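> Show me the folded form of this:
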Amino acid sequence: MWWILLFFISGMLLIFSEFFLPGGILGVIGGLLILISAGMGVRSYPDYFILIIGGELLGAGVGVILGFVVLTKTRASQLLTLNDAQTQEAGYVSAESDLSLIGKEGIVLSALRPAGTIKIGTQRIDVVSDGVFLDEGTRVVVVQVQGSRVLVEAVAQRSKQPE
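Predicted coordinates:
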């Protein structure tokens, strides 16, 4: 009887330790210990099969939920989790927007389907079209820059649009 309980509690502890030492091994061993304890319980007390399996499932579920609730309130969890947000207002920017590109014309170097490369002066720039496939050599104009995403349209297509 004590071995069954010892295996179950050890399995639960190993599964909880998986949150702090990720890798999968501790969780797998913990799961196996829980299954072994269930098997030992069923073998020792075959008449109580449903109670043993149900109790282990209920105990594991309640244990995991309580573990989450308790662990999120502890100082250790505060040290292990990142609580700061890296916002643009705080100066965190993934890529600076080169707004000077807007309105400049270039030539398509590699076909835009819808992403590719254009050349503006001596500068090669990775761009995307607005869903239209553009062939190599097509003249394009930069219409929008958002971070590292540069949106272009064909010059002929742009002149057709009413303003």
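> Domain-wise, how is this structure divided?
The chain breaks down by automatic domain parsing into domains covering 2-80, 99-160.
> With respect to the ones you listed, which exhibits the lowest mean confidence?
When the domains of the chain are compared by mean pLDDT, domain 2-80 comes last with a mean of 86.
> Which among the domains of the chain is found nearest to A90?
Minimum separation from A90 across the domains of the chain (C-beta to C-beta) falls at domain 99-160, 16.2 Å. C-beta coordinates here come from the backbone N, C-alpha and C atoms, glycine included.
> now the domains of the chain as a markdown table including mean neighbour count and distance to Q86?
A markdown table is the format used below for these (neighbours: other C-beta atoms under 10 Å; distance: least, C-beta to C-beta, whole Å):
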| stretch | mean neighbour count | distance to Q86 |
| --- | --- | --- |
| domain 2-80 | 14 | 18 |
| domain 99-160 | 15 | 14 |
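> Looking at those, which is nearest to Q88?
domain 99-160 (9.8 Å).
> thinking in terms of the whole chain, how far from its middle is that closest one?
30 Å (C-alpha atoms, centre = their mean, to the nearest Å).
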